[in-house]
Every structure is written in C-alpha cells, then in structure tokens.
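*Asks:* Starting from these lines, generate the structure:
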Amino acid sequence: MYCSAVAKRFDQEKREREEQQRREERARREEIARLRNEEQARLDKLRSDASNWHEAQRIRSYLSAVRDTAIKKFGVIQPGSESEEWLIWAEDQAERLDPLTKSPP
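*Replies:* Predicted structure coming up:
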C-alpha cells in the first residue's frame with residue numbers, strides 16, 4: 001500500500017511538472033508572438049510614414065511647379081484668388097501627410 005501511495009504521488013508530481021513546463025512553453029511562445037507582432041506593427045508604421053513623407057514631398061514639388069507656372073503666366077497669384085486658395089488647401093494636404101510636421105487643423 002505504501003509503494004502504491006508513493007507511486008501515485010510521484011506520478012502526480014510528474015504530471016504537475018509536465019503541466020508547468022507546458023504552461024511555461026505556451027507563455028514563451030505567446031511572448032515571442034507578441035514581440036513579433038509589435039515589431040511588425042513598428043515596421044508597418046515606418047513604411048507608412050516613409051511613404052506619406054515621400055508623397056508629401058512629391059505634392060510640394062508639384063505645387064512649386066504650379067506656382068512657378070502661374071507666376072510666369074500671370075505675373076502674380078492674386079491674394080484671395082481661387083488659385084491661391086487651392087494652393088493653400090493643397091499645401092495643407094501635404095502637411096497632413098508629412099509625418100515630420102505638425103498637421104494643420
């Protein structure tokens with residue numbers, strides 16, 4: 001009877017150790033997955049920011065060409081004109097895209 005009780009206790013302790021090892025392994029895998037997801041989110045944000053910055057630069061370059069063309073053609077962009085309002089609006093859009101600048105309201 002004593003040997004049977006010892007054997008049962010030994011088996012129970014073994015199962016508990018194995019279960020603890022499974023929990024620890026599961027927690028380790030979950031932590032690795034969490035870190036991997038975090039890193040992927042950071043990389044996605046970096047790519048998005050770089051793309052948005054590039055697009056903002058492209059828009060600014062285009063607006064510069066539009067402004068230069070209008071000035072060559074008309075001599076000046078009239079304050080309050082539709083052209084000036086559009087340029088201001090377009091510049092605001094570039095600012096909103098650019099992750100390096102504070103977005104206008």
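
*Asks:* Next, work out how far apart the spatially most central residue of the chain and residue 79 are.
*Replies:* Among the residues of the chain, the one closest to the centroid is residue 45, at 2.2 Å (CA atoms, centre = their mean). As judged by CB to CB, to the nearest Å, residue 45 and residue 79 stand 39 Å apart. In short, each C-beta sits where N, CA and C put it, glycine included.

*Asks:* Ok, residue 30 next?
*Replies:* Residue 30 sits 61 Å away from residue 79 when distances are taken as CB to CB.

*Asks:* repeat for residue 95
*Replies:* According to CB to CB, residue 95 and residue 79 sit 20 Å apart.

*Asks:* tell me what the helix or strand encompassing residue 26 is packed against?
*Replies:* Assessed by DSSP states H and E, residue 26 sits inside helix 2-74. Helices and strands touching helix 2-74, as assessed by 3 or more CB pairs under 8 Å, 6 or more residues apart in numbering; DSSP states H and E, comprise helix 82-97.

*Asks:* hmm, who's touching the helix it packs on?
*Replies:* Where contact means CB atoms under 8 Å, 6 or more residues apart in numbering, the residues beyond helix 82-97 that reach it are 52-53, 55-56, 59-60, 63, 66-67, 70, 77-78, 101-104.

*Asks:* where does the chain have its least confident helix or strand?
*Replies:* Counting by mean pLDDT, DSSP states H and E, the weakest-scoring helix or strand in the chain turns out to be helix 2-74, with a mean of 94.

*Asks:* How far off centre is that one?
*Replies:* Average the C-alpha atoms of helix 2-74, do the same for its chain, and the two points are 10 Å apart (CA atoms, centre = their mean, to the nearest Å).

*Asks:* how big is the angle separating it from helix 82-97?
*Replies:* When axes from the mean of the first three to the mean of the last three CA atoms, to 10 degrees is applied, the directions of helix 2-74 and helix 82-97 differ by 160 degrees.

*Asks:* Look up the closest residue to residue 56, ignoring the ones flanking it.
*Replies:* Nearest in space to residue 56, with sequence neighbours left out and distances taken as CB to CB, 6 or more residues apart in numbering, is residue 98 at 3.8 Å.
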